[in-house]
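>>> got a predicted model here, sequence first, then my questions.
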Amino acid sequence: MEVIKDIRSRKGANLNLKGGAEKILDTTVLPSIFALRPDDFFGTTPKLLLKEGARVKKGSPIYFSKKNPSVKIVSPVSGIIQNIERGPKRKIEKIVIESSDIQDSIKHSVSDWEKKNREDLKLLLAESGNWPFIHQRPYGTMANPTDTPKAIFVSTVKTDPLHVDVQFILKDQKNDFQLGIDLLNKLVDQPVFLGVEKIFSDYFGSIEGVQHYTVQGPHPAGNLSLHIQKLCPLNIGERIWTVNAEDVANLGRFISSGIFCSRRTIAISGNAVEHPKYFQTSIGADLQPFLKKVGIIKEKIRVVNGDVLTGDTSFDRPFLGYFNNLVSIIPEGDKYRMFGWLPFIDNNILSLSNTSLSRIFNRKGFDVDTNLNGEERALVVTGEMEKIFPLDIYPMQLIKACMAGDIEKMEVLGIYEVVPEDFGLVDYSNTSKIEAQEIIRQGIELMISEVG
Amino acid sequence: MNILRRTLDRIKQPFGKGQKFEKFAPAINAFDTFLFVPNHTTKKGAHIRDAIDLKRTMVTVIIALLPALLYGIYNTGYQYLIQTGSPFTFVEAFIHGSWKIVPMIIVSYVVGLSIEFGFAVYRGHEVNEGYLVTGLLIPMIMPVDIPLWMVGLSTAFAVLVAKEAFGGTGMNILNPALTARAFAFFAYPTYMSGNKVWVSEASNIDAISGETILGTLAAGGKVNYSAMEMFQGSIPGSIAETSTLWVAVGALILILTGIGSWRIIVGGILGASFMGFLFNLWAANELMSFSWINHLIVGGFAFGIVFMATDPVSAAQTNQGKWIYGVLVGIFCIMIRVFNPAYPEGVMLAILLMNVFAPTIDHYVINGNIKKRRKRWESSVNQLKTI
């Protein structure tokens, strides 16, 4: 195989945290409650198809996207819709499904999929609930089936804190992964871009019909924004699609069986967990039984859907998010530290700054908590974001343009080339404790409503 | 610690949400957060955060300032006592200096922080830590013999006009400490120049006089100090700027901790050396023929480039911009020294001038990035057309 490009990034930082998952796959935990959260699909408004109490099969459409009515979001399991939780303004927060003992599923006809034309394939994916697996750039929203993308990117490289091992997740699913790639290749004019580690395994090296590129460097080198900017930069009006690695396998399994595949292999990790390890389950699973299984060793914890930099959290009952392979569980940090602001004090707290000796003293990994370690302040320090931001974009200027809501500035400074997750490390490390991801997200929302 | 915490929580109660003194919460919080890093947890965004915050940053700058300040206090006493002719010890010099300088620091902090607290309460935001540095810088760059009321007035002017009028910390265009210095310089020129203000008590005792080296040179005189004295700092001048040695120690702290921009500092030294070298070649008068190396170690250049030009708010913000900004500060500093005998020291004006131009420098640097992106967009549109 041929590698089309080596991406080497120097800017960034790997956060070495305690509690990485051991590579043991546990398939014995079978939660009975599942939930879909429309908020997992940034920028879509749900329209319900079913009411509380309705029976669903695995693959039954539950709601559709108001923007693209052909795109259905389907049930990950068969059972009964127990409850539809609504928030302020009757916004749908959660659709809770109680799974039944007997698992039925809806089967679509896929026997001749290779002969189908592009439009029919898109329709099949949309109707069967597989479309939401495909994201688009700009904005990081759900892709629009009426677009034709310039390229499709799939990355198997992860650099986020406590990141999962993609090859471990996919270890028994190589055929499905290859089929998924073949399917995606039907939707785009050039072969799918597949990102692999610099020293890659035969597993990914032998995947056919893709353009391999390698990635190395500290976090956020694994983020697709960097790969896209280096390989196929996004211009105004263009679309690029991205699919998570496990979802490629899910697509492949669907296209071979006709049944929606909601498989999620997740790592439950973090320094509040006694035995961090991998589990196999389904999208939207109730996380409670998993927490019991791994054992929680801290009193007050936060369950984060995703990694500790970009994940989100729901403070009541936690459910697995639609796209997550990682659940990070860390202790809450609502405690005071006397004179903790003095430089070179409290070196047990991970810091990227040279005003702390943390990186010298603690090589085994850091115990982290959710303390803000200060308070929000005006933006004063310059140059610190650039150090950890590998994209060819001025991060602080883009953040300021988003704060000001200056669309023209946001556009030329590169808002199309980023998603909020790219600013996770900026959030973490900036001195003024500003919420960069939130600011970028609001900027993107503004772009979607004003420019589209 | 727990008893202290509980006592604090009790004291803070009337300042809580919906309580009687809620409006004054920022003031009490400022004291509380000085003792304890608060128990706030992350709400949005990244769930874990770096240990650094603005307090830690500012305190690091203060630590970097301390060597120069302590030497400045000693030198104040030294310059006075050596002229009185009687023998003296290090401690006596230090005590004399402290008598002069500690009141100035107190005045600067009291005046400045009162205004900062007032604005924090008025605007309903927390008190920013930036003034901890500004408040120490102001006395450090004043002549020794300046009256205290003048320190207070300059401080008030700087905080009100240079900072709060622009929206407070992070929004100012000019460096507040330098603005205080410039205010005093232009409002009270008779106090701020000549040979009577640079040495303690010189304006009261006729026998004492102390011209700064640059003042002497501008007047066409000969310098009686060796290069070693200039580097070490046992020369008359503003309080803490005389010792290049201890300023360099501060610079090292700033660069190693990553708090000060090494790009600006190195750029400034390069710019000043280049300009000084050019003038050395020309050598039409005393100032021009004054060796370029000596230009780096006399006057406020070292102090200015290390502690004033690196103020991240008023400097250029992009990395490329920082280089340009630093080099230009250096060039203009020496140029003003040489070409303008009315202002023997050019670093203050050079930095203030470049403060004004920093946004312009950034504008052009960022425009490079924007142009690249636009060009890519255009070429992609053209490609589409040809297809």
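The structure has been received and is ready for your questions.
>>> so the closest residue to B:Ser289 other than its chain neighbours versus A:Ala245, what's the distance?
Counting by CB to CB, 6 or more residues apart in numbering or on different chains, the nearest residue to B:Ser289 once its immediate chain neighbours are dropped is B:Ala283, at 4.0 Å. Quick note: C-beta positions are derived from backbone N, CA and C, even for glycine. B:Ala283 is 70 Å from A:Ala245, where distance means CB to CB, to the nearest Å.
>>> who has more neighbours, these two?
A count of neighbours by other CB atoms under 10 Å in any protein chain shown puts A:Ala245 above the other of B:Ala283 and A:Ala245, at 24 against 11.
>>> hang on, that one packs against A:Ser155?
Yes. Counting by CB atoms under 8 Å, A:Ala245 does reach A:Ser155; the two are 7.0 Å apart.
>>> so A:His102 versus chain B, what's the distance?
I think there's a mix-up here, since residue A:102 is Ile and not His. Separation of A:Ile102 from chain B (CB to the nearest CB, to the nearest Å): 39 Å.
>>> do A:Lys67 as well
For A:Lys67, the distance to chain B equals 25 Å [CB to the nearest CB].
>>> what average pLDDT does stretch A:234-245 get?
Across stretch A:234-245, pLDDT averages out at 94.
>>> how far off centre is that stretch?
15 Å (CA atoms, centre = their mean, to the nearest Å).
>>> buried set for that stretch?
By 16 or more other CB atoms under 10 Å in any protein chain shown, the buried positions in stretch A:234-245 come out as A:Leu234, A:Asn235, A:Ile236, A:Glu238, A:Arg239, A:Ile240, A:Trp241, A:Thr242, A:Val243, A:Asn244, A:Ala245.
>>> now stretch B:312-332
Quick answer for stretch B:312-332 (16+ other CB under 10 Å): B:312-318, B:320-332.
>>> with stretch B:149-169 instead?
B:150-159, B:161-164, B:168-169.
>>> go on, stretch A:317-331?
A:318-331.
>>> so which of those residues is the closest to B:Thr7?
A:Pro331 (26.7 Å; CB to CB).
>>> for chain A, give me its nearest residue in the stretch 51-200 of chain B.
With CB to the nearest CB, the shortest gap between the stretch 51-200 of chain B and chain A falls at B:Asp53, namely 2.6 Å.
>>> tell me the contacts of that residue?
B:Asp53 sits next to A:Trp341, A:Asn373, A:Gly374, A:Glu375, A:Arg377, A:Thr431, A:Lys433, B:Val37 when contact means CB atoms under 8 Å, 6 or more residues apart in numbering or on different chains.
>>> helices or strands next to the helix or strand hosting A:Leu425 in the packing?
When elements are assigned from DSSP states H and E, A:Leu425 belongs to helix A:424-429. Helix A:424-429 makes packing contacts with helix A:384-387, helix A:436-450 when contacts are defined by 3 or more CB pairs under 8 Å, 6 or more residues apart in numbering or on different chains; DSSP states H and E.
>>> closest one to B:Gly194 among these?
Shortest separation from B:Gly194 across the helices and strands packed on helix A:424-429 is recorded for helix A:384-387, at 43.4 Å, computed as CB to CB.
>>> so does the closest one get close to chain B?
Yes. Residues of helix A:384-387 contacting chain B under CB under 8 Å from any CB of the partner chain: A:Glu384, A:Glu386.
>>> how far does that helix sit from its chain's centre?
23 Å.
>>> neighbouring contacts of that helix?
Helix A:384-387 has contacts (CB under 8 Å, 6+ apart) with A:11, A:353, A:394-396, A:399, A:426, A:429-431, A:436, B:258, B:318-319.
>>> if you set the cut-off to 6 Å instead, what comes out?
Residues outside helix A:384-387 that contact it (CB atoms under 6 Å, 6 or more residues apart in numbering or on different chains): A:Pro395, A:Met396, A:Val426.
>>> which one (most neighbours) among the residues you listed?
Within the contacts of helix A:384-387, neighbour counts (other CB under 10 Å) peak at A:Val426, which reaches 26 neighbours.
>>> quick one: contacts for the nearest residue to it once chain neighbours are set aside?
Counting by CB to CB, 6+ apart, A:Ala436 is the residue found nearest to A:Val426 once chain neighbours are left out, at 4.3 Å. Applying CB under 6 Å, 6+ apart, we find A:Ala436 in contact with A:Ile399, A:Phe423, A:Val426, A:Asp427.
>>> between these, which is closest to A:Lys94?
Nearest to A:Lys94 among these: A:Asp427, at 25.5 Å, using CB to CB.
>>> pull up the gap between the closest one and B:Ala27, please.
As judged by CB to CB, A:Asp427 and B:Ala27 stand 29 Å apart.
>>> these two: which is more packed in?
Counted by other CB under 10 Å, A:Asp427 and B:Ala27 do not tie: A:Asp427 has more neighbours, with 27 against 18.
>>> was I right to think that one contacts B:Lys44?
No. The pair A:Asp427 / B:Lys44 is not scored as a contact, 8.7 Å apart, by CB atoms under 6 Å.
>>> picking up where we left off before, want to throw the helices and strands packed on helix A:424-429 into a markdown table with mean pLDDT?
Formatted as a markdown table, the helices and strands packed on helix A:424-429 follow (pLDDT from 0 to 100):
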| stretch | mean pLDDT |
| --- | --- |
| helix A:384-387 | 93 |
| helix A:436-450 | 95 |
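>>> below-threshold pLDDT in the chain: ranges please.
Because you didn't say which chain, this covers chain A. For chain A, applying pLDDT under 70 flags the ranges A:314-315.
>>> actually it's chain B I care about, not the one you picked
Low-confidence segments of chain B (pLDDT under 70): B:1, B:203, B:206-209, B:341, B:384-387.
>>> quick check: residues of it near chain A?
With CB under 6 Å from any CB of the partner chain as the criterion, chain B comes near chain A at residues B:1, B:5, B:36-37, B:39-42, B:44-57, B:60, B:126, B:128, B:169-170, B:257-258, B:312-313, B:317, B:366, B:370, B:376-377, B:380.
>>> any of those residues buried? List them.
Taking 16+ other CB under 10 Å as the criterion, what is buried in the residues of chain B next to chain A is B:5, B:36-37, B:40-42, B:45-57, B:60, B:126, B:128, B:169-170, B:257-258, B:312-313, B:317, B:366, B:370, B:377, B:380.
>>> okay, and which of those residues map to strands?
Cross-referencing those against strands under DSSP state E gives B:Phe36, B:Val37.
>>> where does A:Val96 fall, phi/psi-wise?
Main-chain dihedrals, A:Val96, degrees, to the nearest 10: phi -100, psi 130.
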